[in-house]
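**Student:** pasting the sequence and the predicted coordinates here, then a few questions.
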Amino acid sequence: MKSIAIEKIFDGVFIACLGYVILSTSSMFFYPGGTFRDVNTIGYIPTLNFLSDLGRTVAFNGEPNPFGAVIYIVGLSSVGIMTIWMFLRLPRIFNEDRWTRLFYLGSRILGVISGIGFIGIAFTPNNLWDVPHTIFVNIAFMKLLQALFLLMLCIYRTPHFPNRFGHLLFLANSVLFGFILLKILGPSIHTSDDGLKVQATAQKVMVYTMIISLSILALGTKKVWQEFNSRLHQSLGSSTAQLPE
């Protein structure tokens, strides 16, 4: 029963990630208009609007955005909840040595904090609570970067976990780290439209890369967990069969 429950959690993470893609895309069609630099634009412009703009209760052009904001909040908070649940219930398949177990524990703690950050982003629209919103953004993505890095190390140190999932996390971490560097060293959204275009586009590449990576990781971990359980049961069955009568 416990094994089935864990498998359902990974299914839930995949569904939440898919739901976020669908709901965030749907929310774009309800966004009234306006960007950080120009309140007169009409509708949502992917290269000029950030994803967080979708969660605004009032758009930059001054029009209410209740329906679009609710859709986006549901999608993002679902990802946060399932991220917390996945890292809390991450099965014990990384037990090769002390360092691997330590990395595993650290990844779980940081992953839970990241999930809390995503929920915080969803429920602090930047038109109402700009400072808390920014804090939660930093928490969510910085802690996710650290959590996935430690999980990547666990995968590489665990023989029965395919390295291709470690490669996936390496790619996801590289994209996320690149985005963080771009935010710090790249063009500013305060000085030019080109800066806004670069930052808004890069954000979408990063977010959807992370979402896709999490969904693939969830399905991959589910499969590894099933195979791990199968080998364990076969081993226990073999040991039982060899017991003397």
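**Tutor:** On my side now, so go ahead. Residues are numbered from 1 along each chain as shown.

**Student:** these two touch, right, G43 and P32?
**Tutor:** Yes. Using CB atoms under 8 Å, G43 is in contact with P32, at 7.4 Å. For every residue, glycine as well, the C-beta is placed using N, CA and C.

**Student:** the more surrounded of the two?
**Tutor:** Each of G43 and P32 has its neighbours counted (other CB atoms under 10 Å); P32 has more, 18 against 14.

**Student:** list the contacts of that one.
**Tutor:** Taking CB atoms under 8 Å, 6 or more residues apart in numbering, we find P32 in contact with G43, A59, N61, E63, P64, N65.

**Student:** and the third one, that one's in a helix?
**Tutor:** Think N61. No. Counting by DSSP: H, G, I helix; E, B strand; the rest coil, N61 is not part of a helix but coil.

**Student:** surely it is in contact with T41?
**Tutor:** Yes. The criterion here is CB under 8 Å, and N61 meets it with T41 at 7.5 Å.

**Student:** anything in contact with each of these two?
**Tutor:** With CB under 8 Å, 6+ apart as the test, N61 and T41 both reach G33, G34.

**Student:** pull out the buried residues from stretch 154-169.
**Tutor:** C154, I155, Y156, R157, T158, F161, F165, G166, L168, L169 (16 or more other CB atoms under 10 Å).

**Student:** pick out whichever of these sits closest to I135.
**Tutor:** L169 (25.3 Å; CB to CB).

**Student:** can you pull the contacts of the closest one?
**Tutor:** L148, F149, L151, M152, I155, S213, L217.

**Student:** between these, which sits nearest I119?
**Tutor:** Here the nearest of the contacts of L169 to I119, counting by CB to CB, is L148; it sits at 18.1 Å.

**Student:** which non-adjacent residue is nearest the closest one?
**Tutor:** Excluding its sequence neighbours, the residue lying closest to L148 (CB to CB, 6 or more residues apart in numbering) is L169, at 5.0 Å.

**Student:** now do the one you found, the pLDDT please.
**Tutor:** pLDDT recorded at L169 is 91.

**Student:** what helix or strand is it located in?
**Tutor:** Here L169, judged by DSSP states H and E, is contained in helix 163-185.

**Student:** sorry, back to before: just flag the most distant two among the buried residues of stretch 154-169.
**Tutor:** The distance between the two most remote of the buried residues of stretch 154-169 (CB to CB) is 16.0 Å, for R157 and L168.

**Student:** okay, now the unreliable bits of this protein?
**Tutor:** Across the chain, the ranges flagged by pLDDT under 70 are 1-6, 91-96, 228-245.

**Student:** what angle separates whichever strand or helix holds W225 from helix 163-185?
**Tutor:** Using DSSP H and E, W225 sits in helix 193-241. Per axes from the mean of the first three to the mean of the last three CA atoms, to 10 degrees, the angle that helix 193-241 makes with helix 163-185 is 150 degrees.

**Student:** now for V112: which residues touch it?
**Tutor:** Per CB under 8 Å, 6+ apart, neighbours of V112: T83, I84, F87, L88.

**Student:** ok, 7 Å please
**Tutor:** Counting by CB atoms under 7 Å, 6 or more residues apart in numbering, V112 makes contact with I84, F87, L88.

**Student:** so can I have TSV of those residues showing secondary structure and neighbour count?
**Tutor:** Output for the contacts of V112, formatted as TSV (DSSP: H, G, I helix; E, B strand; the rest coil; neighbours: other CB atoms under 10 Å):
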residue	secondary structure	neighbour count
I84	helix	18
F87	helix	20
L88	helix	13
